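*Asks:* Sequence and predicted structure, then a few things I'm wondering about:
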Amino acid sequence: MKGGFRKSMTWLHTWSGLVLGWFLVLVFLCGTASYFRPEISQYMRPELSAAGEPETLKALDSAQDYLQREGMQAEHWFITLPTEREPQRLRVFWSDEDGRHFEQLGVDSAKTVQARETRGGDFFYRLHFDLYAIPALWARCIVGICAMFMLVAIITGVIAHRKIFKDFFTFRRGAHQKAWLDAHNVMAVFGLPFHLLMTYTGLVSLMFLYFPWGMVSEFGSDREAFFEEAQGYSDHIEAAGQSAPLARFSTMAETAMSHWQSETVGRVQVHDPGDANARVSIEVPDTRQVTYRAETLVFDGVSGELLSANPLPSLASHTYGFFYGLHLGRFADTGLRWLLFLAGIGGTGMVATGLILWSQKRYSRWQSGSGPTVMYRLIDALNRTVVLGLPVAMASFFIANRLLPIELTERQHWEERSFMLVWAAVLLLSLCYQGRQAWRHLALVATLGFASVPAVSALTTQRGMLSSIQQGEWLFVGMDAALLVIAIVFAALAWHLGRHKKATLRGDQP
Amino acid sequence: MVAIVVLLNAVAWLGLALAMPKHSQALLGKKYCAKPQLLLRLIAISVMALAVWLSVRAWGISEGVIAYTVALFLPGLAVVMLLSIYSRKR
């Protein structure tokens, strides 16, 4: 770290960006995909329609009828109702002596509907902070460290960039290495407020894990007591031991809708169903407000009477809810969600171009044999695995969803394993196959992967693009179109990398 | 409304770029002197302020500011690409 403050910042930016960049690409890309989590989930269950309007009351009646038939031995029921973005998705969960039960129900049938077992968009959402195959606590700590260093990389990047204003609009397409540098700078500078917001709010959303001492000093290990007090309610009550019939949930939901002036309600929880002390908690639906509200109305399960509503949240809870809601982005309408998605892609692109730049800068040194070749090869392979291997693995996840047999045991885990196995295969190939051509060929594989998803979908399901247009299933049409656009982007990248090779052969030096 | 805010931001970014001698030379073949540069900058900042006002009016203060912030990225990228392509053609 010789040579003054700016050089030190450049050194810190380069190496913290490189080491944590491998995680950050995963976190940013999967987090960005999570903006369309419900849409991805529906796309991955092609047996179910994704069209129509959410019918909350009818769905709640269906769920209640089903659970009164199948789950009367359980202590708790959880009902996830259809929403505007998932109009046909009605899910129930309960656990009893026979184990845990998840079922997908028909909105107007009170019967289970058969759909392939998949985690859909939830996989990307969880992967972006829980990672894979390691305990969630460890994963969240790793992601937290990465986010902290992301903040460091952003700040040191601004300091290291000497001509930040002069180069504000600069993109030198012809010069290869400089083009990657400019692309890195442009994506960083124009998305700077968004990158800062997402990184900071991501840290805040897990702050009780990173800074638990205030909570621990007052509540010890009883985290639930803390959250109940923070949210201002408690719905715990002992069962009476006397059976009593449940009132209709739809009537309670109507009360909740008029209380919140909304057209739907959020998740419904039932405690001690069939008992005289049964309680029904109805959560507020996702609204267009930024602030995430953990607001709940509690009803007497037998009489249907409204027992308690949350008081207004404290300023601290409101502030936390604002940051958390901002990070989730559920407030966004379709147009704003696309802007968030593109800015997220910009964040991924910023980290990815930084990693590519690292490889490009050292390529010439490696070619002349003066660089640390083993280390370079390893880092270059890791960069390629993360930057291009991750999209290839994502494409394989969609393809596995379409190709794995419906009746396969642990099907959803096999989808996840397909993702990880393909990613591991890319790493192995990257270690064996080096050089600039390896980047181009992997970009071509990503092109092929994303382009083949709509084709495989058309061949194996009733949701091909043309039939979806005929059926008015616009979500499936939109997802297929988006996957084709992603394929075109990777094709353009492969073409760009190939063009550079020709230029080099002609004698143009990077 | 998203489209209008994105468009206004694009206009503002383009104005700021043209106020820089390097880009005005590359794009228009001439460098502005100090006064037109300042005027361009003022117009661009006013257009940005208009975009902020429209965002806040459409979505409210919290969501409006976030929407505006997010809407800076895409038009910025588009202006940079436009400048890069057009400069090479000239």
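*Replies:* Okay, I see it.
*Asks:* Sheet partners, orientation included, of the helix or strand containing residue A:78?
*Replies:* Assigned by DSSP states H and E, residue A:78 falls within strand A:76-80. With DSSP bridges as the criterion, the sheet partners recorded for strand A:76-80 are strand A:90-96 (antiparallel), strand A:268-271 (antiparallel).
*Asks:* Look through chain B and tell me its longest helix.
*Replies:* helix B:34-59 (DSSP state H).
*Asks:* Identify each buried residue in that helix, please.
*Replies:* Buried residues in helix B:34-59, defined by neighbour count with 16 or more other Cβ atoms under 10 Å in any protein chain shown: B:37, B:40, B:43-44, B:47-48, B:51-52, B:54-56, B:59. C-beta here means a position set from N, CA and C on the backbone, and glycine is covered the same way.
*Asks:* before we move on, what about stretch A:40-51?
*Replies:* When burial is assessed from 16+ other Cβ under 10 Å, stretch A:40-51 yields the following buried residues: A:40-46, A:48-50.
*Asks:* starting at the chain centroid, how far to the next helix or strand after the longest helix of chain B?
*Replies:* Once the chain leaves helix B:34-59, the next helix or strand it forms, by DSSP H and E, is helix B:61-70. Helix B:61-70 has its average C-alpha position 17 Å from the chain's average C-alpha position, going by Cα atoms, centre = their mean, to the nearest Å.
*Asks:* Direction-wise, compare the helix or strand following helix B:61-70 with helix B:34-59 and give the angle.
*Replies:* Sequence-wise, the next helix or strand downstream of helix B:61-70 (DSSP H and E) is helix B:73-89. Using axes from the mean of the first three to the mean of the last three Cα atoms, to 10 degrees, the inter-axis angle of helix B:73-89 relative to helix B:34-59 is 150 degrees.
*Asks:* and helix B:73-89, C-alpha only, in PDB?
*Replies:* Taking Å, rounded to 0.1, in the frame of the first residue of the first chain, the C-alpha atoms of helix B:73-89 are listed here in PDB:
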ATOM      1  CA  PHE B  73     -29.600   4.700 -14.000                       C
ATOM      2  CA  LEU B  74     -31.200   3.600 -17.300                       C
ATOM      3  CA  PRO B  75     -31.300   7.000 -19.000                       C
ATOM      4  CA  GLY B  76     -27.700   7.600 -17.900                       C
ATOM      5  CA  LEU B  77     -26.600   4.300 -19.500                       C
ATOM      6  CA  ALA B  78     -28.600   5.200 -22.600                       C
ATOM      7  CA  VAL B  79     -27.000   8.600 -23.000                       C
ATOM      8  CA  VAL B  80     -23.500   7.200 -22.500                       C
ATOM      9  CA  MET B  81     -24.200   4.600 -25.300                       C
ATOM     10  CA  LEU B  82     -25.700   7.200 -27.500                       C
ATOM     11  CA  LEU B  83     -22.600   9.500 -27.100                       C
ATOM     12  CA  SER B  84     -20.300   6.600 -27.700                       C
ATOM     13  CA  ILE B  85     -22.000   5.400 -30.900                       C
ATOM     14  CA  TYR B  86     -22.600   8.900 -32.300                       C
ATOM     15  CA  SER B  87     -19.100  10.100 -31.500                       C
ATOM     16  CA  ARG B  88     -17.600   7.100 -33.500                       C
ATOM     17  CA  LYS B  89     -19.900   7.800 -36.500                       C
END
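*Asks:* Any part of that helix near chain A?
*Replies:* Yes - contact of helix B:73-89 with chain A is found when judged by Cβ under 8 Å from any Cβ of the partner chain, involving B:73-74, B:76-77, B:79-81, B:83-85, B:88.
*Asks:* Which elements pack onto that helix?
*Replies:* Contacts of helix B:73-89 with other secondary structure elements, assessed using 3 or more Cβ pairs under 8 Å, 6 or more residues apart in numbering or on different chains; DSSP states H and E, are made with helix A:176-190, helix A:334-367, helix B:2-18, helix B:21-28.
*Asks:* And residue A:299, which helix or strand is it part of?
*Replies:* Remark: residue A:299 resides in strand A:296-300, with elements defined by DSSP H and E.
*Asks:* in its sheet, what does that strand sit against?
*Replies:* For strand A:296-300, the pairing partners within the sheet under DSSP bridges are strand A:279-283 (antiparallel), strand A:306-309 (antiparallel).
*Asks:* Now render the ones you listed as a markdown table, adding mean neighbour count, mean pLDDT and distance to residue A:464.
*Replies:* Formatted as a markdown table, these follow (neighbours: other Cβ atoms under 10 Å in any protein chain shown; pLDDT from 0 to 100; distance: least, Cβ to Cβ, whole Å):
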| stretch | mean neighbour count | mean pLDDT | distance to residue A:464 |
| --- | --- | --- | --- |
| strand A:279-283 | 23 | 90 | 37 |
| strand A:306-309 | 15 | 83 | 48 |
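*Asks:* Of those strands, which is nearest residue B:63?
*Replies:* When the strands paired with strand A:296-300 are ranked by distance to residue B:63, counting by Cβ to Cβ, first place goes to strand A:279-283 at 21.0 Å.
*Asks:* Kindly export the closest one (C-alpha atoms) in PDB.
*Replies:* Output in PDB follows, covering the C-alpha atoms of strand A:279-283 (Å, rounded to 0.1, in the frame of the first residue of the first chain):
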ATOM      1  CA  ARG A 279     -57.700 -17.000  17.600                       C
ATOM      2  CA  VAL A 280     -57.500 -15.800  14.000                       C
ATOM      3  CA  SER A 281     -54.800 -13.300  13.000                       C
ATOM      4  CA  ILE A 282     -55.100 -11.500   9.700                       C
ATOM      5  CA  GLU A 283     -52.100  -9.700   8.400                       C
END
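*Asks:* how about the helix or strand of chain B with the lowest mean pLDDT, does it reach chain A?
*Replies:* Counting by mean pLDDT, DSSP states H and E, chain B has its least confident helix or strand at helix B:21-28, which shows a mean of 81. Yes - judged by Cβ under 8 Å from any Cβ, helix B:21-28 comes into contact with chain A through B:22-23.
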